[in-house]
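Engineer: Show me how the following folds:
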Amino acid sequence: VLLDGSLPRPSFFPRNRNGAPINDVFANADQDGNAVVEDLPDDDLEEEQGNDGNGGKEGGAEGEQADAEEDYVDDDDNAENRAQKREVTYHVFATELWPKITNARVREKFHPLLVWSEIKSFIKGSFKALTSSTAQRNYLSADEYQQLGKKMASNFSGDRTSVYDVFKRYRDELRRRRWFDECDLVSSIYQRLAHPHFRLSDAWTLHRLYVDETQDFTQAELAVILLAGQDPNKLFLTGDTAQSIMRGVHFRFKDLKSLFHDENNRQLASLSRTAAGPVRVPPIEHLEYNYRSHSGILCMAASVVDLLSRYFPQSFDSNLPRDKALFEGPKPVILQTRSVADLAMILAGNKRSGSHIEFGARQVILVQSSDVKDKLPNEFSMALKMTIFEAKGLEFDDVLLYNFFTNSKASSKDWRVVTQYLEEWLQQNPGDGLPRIDEDGYVPPRPLDFDNDKHKVLCSELKYLYTAVTRSRVNVWLYDENSECRAPMFDYFRRRRLVRVRDTANQDLADVFSKHSTNEE
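Structural biologist: Numbers count the residues shown, from 1 in each chain. Have a look, this model is predicted:
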């Protein structure tokens, strides 16, 4: 939004004469953590655009300046964009649009998250979409989408025609409702930045750019960052592709290297070479040591990466070595109970007083979504509660991961492919694993053969799990009330000797989990 307002008019968002957006762009935030643009009444929009049919342009010098600025912005796209009122995030896509743009057969075949990823990361959010033959409409043509490499876009390499049909209905629905998504804004900014008549030095000066959490950016967004500074060779980018949990973003550092190469070729072709010279492809440096988490936590995290490497090797930079810990630490703990009352007993032990459990300032409860956070039991009302998305980039002493598998977008059946990999691992590492649990009433999870078309949603769920576990410095506790949903991963962790198991029947409750906060904290 800041870039949109800083570039020459006409801007993507309708703005007042002083440059401020007409409507409150940051009025709300949805479950993805994205900004939601408040609906703008049609009569207010028409008043701002004017009644003279030319978008509210005035005469005199200001009008001539506006005309000059519009010379290098597509008028048709701009007129359409200025009338748009609402941003479509994944939450809006999945709950409001998905039922309208698909039929029962498509909904049974595809998960909305996977189709959203194809649209946001490739059809509309790739560098090729910005520079394709349909760039003025900011999306790949059907043929261009079909030609994407299988390694770059691996989810639907065999069934892209059906996905593109869904995208066309999505595109038409957005036009009909006058809605937009983030890709539309990014494309508008990129086309204005990349235009040969625009000189960055006339707008602002940024000598160096530093980007953290790079894995959360689409190629199109990173292409904008390349153009936003005076020298595209003076960028510093960091990230972890195993923590790529932004809904719809498919990122690998391999693809980032190709982005620098493509941008250099674009500048050569358009004769828009910057004073800094050619855009060089930077080297990738791997940071081996983890300064936050100890070995107990990192071993569990590495086991999650093992699953990603086995089933989704193209979804992240799987060739990088494992993180190394600087010190030893306790194994994560599985809280083996289905009762919240028993969970409270385990967490607070014999020091619990009243109906609430007091957690320390450096402890957090992590959940899958805002809806789950709002419905946590009353016992946790005194605790710091966050979604995994909200906690990304933060760190805590202790993390309680609450009902991750119960509220997972993957079904309990989907998670059984983990048991298939566990049996493979046990065969390859004889003597390293534990035997199956042999208890009355316990039914071990049955292995399920992996099907790439059916189990794609596990990729994002495993990355969410990895991100949640690695928020902790000291302790990780896992609690899940649904025994069927939790069984495959709990069994996987236990039989690989990565966790300790605790319940009310066989553990000493003197070793309490909850802590008191000091006045300073």
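Engineer: Run through the chain and note the low-pLDDT ranges.
Structural biologist: Applying pLDDT under 70 to the chain flags residues 24-84, 133-136, 151-158, 201, 270-276, 348-358, 436-443, 504-519, 521.
Engineer: Break down it into its strands, ranges please.
Structural biologist: Ranges of strands within the chain are 28-29, 35-36, 86-88, 179-181, 209-211, 235-237, 289-290, 324-325, 333-335, 363-367, 385-387, 396-402, 472-479, 500-502, based on DSSP state E.
Engineer: So which of the ones you listed is nearest residue 445?
Structural biologist: strand 333-335 (14.5 Å; Cβ to Cβ). Placement of C-beta: from N, CA and C, glycine included.
Engineer: what pairs with the closest one, and is each one parallel or antiparallel?
Structural biologist: strand 472-479 (parallel), strand 500-502 (parallel) (DSSP bridges).
Engineer: related to what we said a few turns ago, wait, which of the strands of the chain is closest to residue 253?
Structural biologist: Residue 253 lies closest to strand 235-237 among these, at 8.6 Å (Cβ to Cβ).
Engineer: Identify each buried residue in stretch 479-497, please.
Structural biologist: Neighbour counts using 16 or more other Cβ atoms under 10 Å place 479-480, 483-496 of stretch 479-497 among the buried residues.
Engineer: repeat for stretch 334-343
Structural biologist: 334-337, 340, 342-343.
Engineer: What is the most widely separated pair among the residues you listed?
Structural biologist: 334 and 340 (16.0 Å).
Engineer: Turn the strands paired with strand 333-335 into CSV, columns for distance to residue 451.
Structural biologist: Below are these laid out as CSV (distance: least, Cβ to Cβ, whole Å):
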stretch, distance to residue 451
strand 472-479, 27
strand 500-502, 31
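Engineer: Out of those, which is the most enclosed?
Structural biologist: strand 472-479 (a mean of 23; mean count of other Cβ atoms under 10 Å).
Engineer: List of residues touching that one?
Structural biologist: Applying Cβ atoms under 8 Å, 6 or more residues apart in numbering, the contact partners of strand 472-479 are 292-294, 297, 300, 329-330, 332-335, 337, 343, 347, 395-404, 469, 490, 493, 499, 513.
Engineer: now the angle from it to strand 363-367?
Structural biologist: On the basis of axes from the mean of the first three to the mean of the last three Cα atoms, to 10 degrees, strand 472-479 is oriented at 50 degrees to strand 363-367.
Engineer: Using TSV, please lay out the strands of the chain together with distance to residue 277.
Structural biologist: Below are the strands of the chain laid out as TSV (distance: least, Cβ to Cβ, whole Å):
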stretch	distance to residue 277
strand 28-29	41
strand 35-36	36
strand 86-88	37
strand 179-181	35
strand 209-211	17
strand 235-237	15
strand 289-290	35
strand 324-325	38
strand 333-335	55
strand 363-367	46
strand 385-387	44
strand 396-402	45
strand 472-479	44
strand 500-502	57
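Engineer: Out of these, which gets nearest to residue 164?
Structural biologist: That would be strand 179-181 among the strands of the chain, by Cβ to Cβ, at 16.3 Å.
Engineer: So which bits of that closest one are buried?
Structural biologist: Using 16+ other Cβ under 10 Å as the test for burial, strand 179-181 gives 179-181.
Engineer: Format the residues you listed as JSON lines; extra columns: distance to residue 415.
Structural biologist: Output for the buried residues of strand 179-181, formatted as JSON lines (distance: Cβ to Cβ, whole Å):
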{"residue": "179", "distance to residue 415": "35"}
{"residue": "180", "distance to residue 415": "36"}
{"residue": "181", "distance to residue 415": "31"}
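Engineer: and which of those is nearest residue 142?
Structural biologist: Of all the buried residues of strand 179-181, residue 181 has the smallest distance to residue 142: 19.1 Å, by Cβ to Cβ.
Engineer: Spatially nearest residue to that closest one (excluding sequence neighbours)?
Structural biologist: Closest residue to residue 181 apart from its sequence neighbours, by Cβ to Cβ, 6 or more residues apart in numbering: residue 88 at 4.4 Å.
Engineer: Next: residue 466.
Structural biologist: Nearest residue to residue 466, sequence neighbours excluded (Cβ to Cβ, 6+ apart): residue 304, at 4.5 Å.
Engineer: Now for that neighbour, how many residues are close by?
Structural biologist: Residue 304 has 24 neighbours, counted by other Cβ atoms under 10 Å.
Engineer: Next: residue 261.
Structural biologist: Residue 261 has 13 nearby residues by other Cβ under 10 Å.
Engineer: Report the buried residues of stretch 234-253.
Structural biologist: Buried positions in stretch 234-253, judged by neighbour count with 16+ other Cβ under 10 Å: 235, 237, 239-253.
Engineer: Now go through those and say which are in helices.
Structural biologist: Among those, the members found in helices (DSSP state H) are residue 253.
Engineer: and the residue nearest to residue 181, what is it in contact with?
Structural biologist: With Cβ under 8 Å, 6+ apart, residue 88 has these contacts: 97, 174, 179-181.
Engineer: Save these as CSV, and put in distance to residue 425 too.
Structural biologist: As requested, those are exported to CSV (distance: Cβ to Cβ, whole Å):
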residue, distance to residue 425
97, 40
174, 45
179, 46
180, 46
181, 40
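Engineer: Among these, which pair sits farthest apart?
Structural biologist: The largest separation in these, counting by Cβ to Cβ, is between 97 and 180 at 12.6 Å.
Engineer: what's the neighbour count on the closest residue to residue 493 other than its chain neighbours?
Structural biologist: The spatial neighbour of residue 493 that comes closest, neighbours along the chain excluded (Cβ to Cβ, 6+ apart), is residue 499 at 4.5 Å. Residue 499: 22 surrounding residues under other Cβ under 10 Å.
Engineer: contacting residues for residue 499?
Structural biologist: By Cβ under 8 Å, 6+ apart, the contact set of residue 499 is 300, 331-334, 478, 490, 493.
Engineer: The same query, at a cut-off of 7 Å, please.
Structural biologist: Residue 499 makes contact with 300, 331-334, 493, according to Cβ atoms under 7 Å, 6 or more residues apart in numbering.
Engineer: cool, and residue 116?
Structural biologist: Contacts for residue 116 were tallied using Cβ under 7 Å, 6+ apart; they are 90, 93, 247-248.
Engineer: Next, count neighbours for residue 305.
Structural biologist: 19.
Engineer: Skip the chain neighbours and tell me the closest residue to residue 320.
Structural biologist: Leaving aside its sequence neighbours, residue 320 sits nearest to residue 286 (Cβ to Cβ, 6+ apart; 5.3 Å).
Engineer: is it true that the one you found touches residue 322?
Structural biologist: No. Using Cβ atoms under 7 Å, residue 286 makes no contact with residue 322, being 10.3 Å away.
Engineer: more neighbours, the two?
Structural biologist: Shown here are residue 286 and residue 322; by other Cβ under 10 Å, residue 322 has more neighbours (13 against 10).
Engineer: quick one: that one from residue 388, how far?
Structural biologist: 22 Å (Cβ to Cβ, to the nearest Å).
Engineer: Also residue 7?
Structural biologist: Distance from residue 7 to residue 388, counting by Cβ to Cβ: 34 Å.
Engineer: Same check on residue 118?
Structural biologist: 23 Å.
Engineer: Which of the buried residues of strand 179-181 sits closest to residue 452?
Structural biologist: Distance to residue 452 across these (Cβ to Cβ) is lowest for residue 181, with 26.7 Å.
Engineer: For the residue positioned nearest the centre of the chain, grab phi and psi.
Structural biologist: By Cα atoms, centre = their mean, the mean C-alpha position of the chain lies nearest to residue 246, the distance being 0.6 Å. Main-chain dihedrals, residue 246, degrees, to the nearest 10: phi -70, psi 120.
Engineer: Leaving out chain neighbours, which residue sits closest to it?
Structural biologist: Once flanking residues are discounted, residue 246 sits nearest to residue 216: 4.2 Å by Cβ to Cβ, 6+ apart.
Engineer: State the number of residues packed around the one you found.
Structural biologist: Burial of residue 216 is recorded as 18 neighbouring residues (other Cβ under 10 Å).
Engineer: One more: residue 421?
Structural biologist: Applying other Cβ under 10 Å, we find 18 residues neighbouring residue 421.
Engineer: Look up how far residue 499 lies from residue 333.
Structural biologist: Note on residue 333: its distance to residue 499, by Cβ to Cβ, is 6 Å.
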